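Novice: what's the 3D shape of this:
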Amino acid sequence: MNVELKGIHKVNKILANGSIKTYYYAHRGGPRIQAKYGSPEFVTQYMALKQSASPKVKRNSIDWLITQYLESYDFKALSDASKREYKRYLTLISQKFGKAPIDIATRNDAIAAYRQWHRSMQDKQRTANYALAVLKKLMAWAVDSGNTTTNPTAQIKPIKRKGKSTRRDIIWTKDQINHFNTVAGCHVKNPFNAALLTSQRKKDIIEMTWDAYDGDTIKIRQSKTGKDVWIKVPEELKCILDGLDRTHERVFLNSLGQPWTLDGYDSSFRAAKIAAKVNGVTFHDTRGTAVTLAYIGGASFREISLMSGHSEREVEEIINTHYLNRAAAADAIDAIKKVNQAGKV
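Specialist: Just a heads-up that it's a prediction; the model follows:
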């Protein structure tokens, strides 16, 4: 390929089998180029995508408001993970309302259109409510920044789950853990099993450093809450950690021996979950599973509180209301022990 193509964004994805596949995009955050790299078709697609990459945004439209918000302090102050999620839902908002003039889109009688859009996604409750939350944030910022005086979305309520259920009802079962651990490579399943045994969030697990582990306890400052938690390391987790190479500052590394990124781990975790045919649970559900494991293992509310970062009252409410799936929890403990005993971690 003799043509200089500026701005191409290259992403290396680690697949479930440990191999690496490279994807090319017209620009960072832009559309993927489907043609084979180096081919004439690749250049043709690149040029076409670049020409359509920067459409003119009409001033004082919702699309214009979104571009202003993305440059605001409010948006830039968000965590990287929140920025990614917000951009995802701002795209949905743009697709539906982007061309609408602000003075019409912020009239009080526009509430009907927003409520109908929100309810159209009710089969995916989390998506619907997150999209609504971002829309309300955008409109609130528009008022604060002086772009409008009214926020027609303020009175729209989130969709409630039937029976008041939450993801706290969901834990990983023995079969799901076994299937995942059988398919996933060590670099993917080690952080997963560590989360199952500590109730820590994905970001805090994959960014854990060796100086946080003294052989008996782990100290983590939770990225979301800022709380310091001290975790007594269970035997199953000690087996995992003591078998890892300590030549790098980070505890958990990818298949190339480099620190994980959130996007990189998400991609590999998702691929392994698909390969294992595990459905209905997410990495975040390890939080609930871990609380259950600790409770069934005999930990007190105080001990679980110190481990998870919840208050003791929250721990008691969680266990009493959501996490008393004792049979599934006991099976999950057995599944992790089986992996360790088989020497597969």
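Novice: going by C-alpha atoms from here, please, whenever you check contacts or count neighbours.
Specialist: Fine.
Novice: please enumerate the strands of the protein.
Specialist: 9-14, 20-25, 217-221, 228-232 (DSSP state E).
Novice: closest to residue 129 out of these?
Specialist: Nearest to residue 129 among these is strand 217-221 (29.0 Å), distances taken as CA to CA.
Novice: let me see the mean pLDDT of that closest one.
Specialist: For strand 217-221, the mean pLDDT works out to 89.
Novice: could you pull out the buried residues of that strand?
Specialist: 218-220 (16 or more other CA atoms under 10 Å).
Novice: for stretch 119-131, same thing?
Specialist: 119, 122, 125, 128-131.
Novice: where are the low-confidence patches of the stretch 151-300 of the chain?
Specialist: Filtered on pLDDT under 70, the stretch 151-300 of the chain yields the residue ranges 161-169, 296-297.
Novice: how about a cut-off of 90?
Specialist: 155, 158-175, 197-199, 216, 219-236, 245, 263, 280, 285-300 (pLDDT under 90).
Novice: rewinding a little: got the strands of the chain as CSV, with distance to residue 33 columns?
Specialist: Converted to CSV, those look like this (distance: least, CA to CA, whole Å):
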stretch, distance to residue 33
strand 9-14, 10
strand 20-25, 5
strand 217-221, 40
strand 228-232, 44
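Novice: right, so of those strands, which gets closest to residue 172?
Specialist: So among these, strand 228-232 is nearest, using CA to CA, at 21.0 Å.
Novice: can you state the direction angle for that closest one and strand 217-221?
Specialist: 160 degrees (axes from the mean of the first three to the mean of the last three CA atoms, to 10 degrees).
Novice: then strand 228-232 to CSV, C-alphas only?
Specialist: Output in CSV follows, covering the C-alpha atoms of strand 228-232 (Å, rounded to 0.1, in the frame of the first residue of the first chain):
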residue,chain,number,x,y,z
ASP,A,228,-9.5,1.0,51.5
VAL,A,229,-10.4,-2.7,52.0
TRP,A,230,-8.3,-5.4,53.6
ILE,A,231,-9.1,-9.0,52.4
LYS,A,232,-8.0,-12.1,54.2
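Novice: in it, which residues are buried?
Specialist: 229-232.
Novice: neighbouring strands for that strand, and are they parallel or not?
Specialist: strand 217-221 (antiparallel) (DSSP bridges).
Novice: any idea how far the strand it pairs with is from the chain center?
Specialist: Relative to its parent chain, strand 217-221 has a centroid offset of 22 Å by CA atoms, centre = their mean, to the nearest Å.
Novice: outside of it, which residues touch it?
Specialist: 204, 208, 212-213, 227-233 (CA atoms under 8 Å, 6 or more residues apart in numbering).
Novice: report the two of those residues separated the most.
Specialist: Pairwise over the contacts of strand 217-221, using CA to CA, the maximum falls at 227 and 233, 18.2 Å.
Novice: who's more crowded, those two?
Specialist: residue 233 (20 against 14; other CA atoms under 10 Å).
Novice: quick check: phi and psi at the more buried one.
Specialist: When read as degrees, to the nearest 10, the backbone of residue 233 gives phi -80, psi 120.
Novice: so who does it touch?
Specialist: Contacts of residue 233 (CA under 8 Å, 6+ apart): 215-218.
Novice: distance of it relative to residue 225?
Specialist: 21 Å (CA to CA, to the nearest Å).
Novice: do residue 293 as well
Specialist: 23 Å.
Novice: these two: which is more packed in?
Specialist: Just comparing residue 293 and residue 225: by other CA under 10 Å the higher neighbour count belongs to residue 293, 27 against 8.
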